Structure formats: structure tokens, C-alpha cells
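Peer 1: coordinates for the following, if possible.
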Amino acid sequence: MSAIILRNHYHWDPFQALAGWISAAPWATNEPAFAPRFDVKEEKGEYVLSADLPGVKPEGVEIALLGDRLKVSGRRESSRKEESGQTYLSEISYGSFAREFTLPESVDGEHVQASLKDGVLTLHLPKKPEAEPRKIAVSAS
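Peer 2: Below is the predicted model of the structure:
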């Protein structure tokens, strides 16, 4: 009985294999894309929008309100520095983003407030004071 002896040993590098798999993935692109996720909820007296914006500075965010349209846009700059060496995985995205929301008529656009703290953008959109119900007298004709 004869055996085949492998004299040249192959060294498997899992990082090299992973890099090849990621670059061959159909969703892999060279273009940076940053798309923050939003939560939108209604509370008593206001609507609250929250977005994860890690690494975005307040001056990197623009909020515009035109009629019933709210637009949140901005840019997250890359913090990468040119380094020597091999990058095996890069999942952090950078670039410009823009999201638009159609607001209900009950939003008081004059008193919208926005804050960015610990990488979370929070928008408070107060509701207009509701009109008091008016009683209408019925007369007998």
C-alpha cells in the first residue's frame, strides 16, 4: 500500500480567506455609504425622532424644515489614517447621508429642538396646542 506524502505544507490564513470572501460579496463596494437609522415615536404633546450618528459632530448635521417636510442631512468623516499594513476587514462606513420625513399638520414647526449627545441625534417636534372644542347652540325654528 502506498501513501501520498504532502511535502509542501500549505498554511491556511483565515484573514486572507476572509478578505477574499468580503471583496467577492455582491454587496461589497468601494464607495463609502453611511445611512443612519432613525426611531420615530409619538409621545404626549410631541413627536421624537432619534438617530444614531456615531462620530458625527454637531456642525456635520443640517436640519431643514420646509412646510411639512423635515430633512436631516450631514456627513460622517473618515477617521482612518494612512497606515502601513494589511486591513482585513473594514465595515465602518463614512460619507454623506440625507433622510426626509413628512410631518403631520399637528407639528409646531416654530418650536422644533435638536440635540446631539453621545452620538445620538434627538429631535423634539412639539404638537400645536389643540383647539378647545366649541359648543354650538341649537335653536328651535
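Peer 1: can we go C-alpha only for contacts and neighbour counts from here?
Peer 2: OK.
Peer 1: all helices for the protein, in order.
Peer 2: Taking DSSP state H as the test, the helices found in the chain are 14-24.
Peer 1: now the residue most central in space within it. Nearest residue, chain neighbours left out?
Peer 2: Central residue of the chain (CA atoms, centre = their mean): Pro36, 0.6 Å from the mean position. What sits nearest to Pro36 in space, not counting adjacent residues and going by CA to CA, 6 or more residues apart in numbering, is Asp52, at 5.8 Å.
Peer 1: could you give the bridge partners of that neighbour?
Peer 2: Residues in a beta bridge with Asp52, per DSSP bridges, are Val120.
Peer 1: surely it meets Val120?
Peer 2: Yes - Asp52 lies in contact with Val120 (CA atoms under 8 Å); the separation is 4.8 Å.
Peer 1: any idea how many residues pack against Tyr47?
Peer 2: Number of residues near Tyr47 (other CA atoms under 10 Å) recorded here: 19.
Peer 1: tell me if I'm right that it and Leu125 touch.
Peer 2: Yes - counting by CA under 8 Å, Tyr47 does reach Leu125; the two are 5.0 Å apart.
Peer 1: who's in contact with the residue nearest to the centre of the chain?
Peer 2: Residues counted as contacts of Pro36 (CA atoms under 8 Å, 6 or more residues apart in numbering) are 51-53, 97.
Peer 1: so who does Asp108 touch?
Peer 2: Contacts of Asp108 by CA under 8 Å, 6+ apart are 125-128.
Peer 1: if we go to 10 Å?
Peer 2: Under the criterion of CA atoms under 10 Å, 6 or more residues apart in numbering, the neighbours of Asp108 are 46, 125-129.
Peer 1: equivalent analysis for Leu53, please.
Peer 2: 34-38, 61, 74-76, 116-121.
Peer 1: and if we set it to 6 Å?
Peer 2: 119-120 (CA atoms under 6 Å, 6 or more residues apart in numbering).
Peer 1: Pro126 too?
Peer 2: 45-46, 107-108.
Peer 1: let's see it at 7 Å
Peer 2: By CA atoms under 7 Å, 6 or more residues apart in numbering, the contact set of Pro126 is 45-47, 107-108, 111-112.
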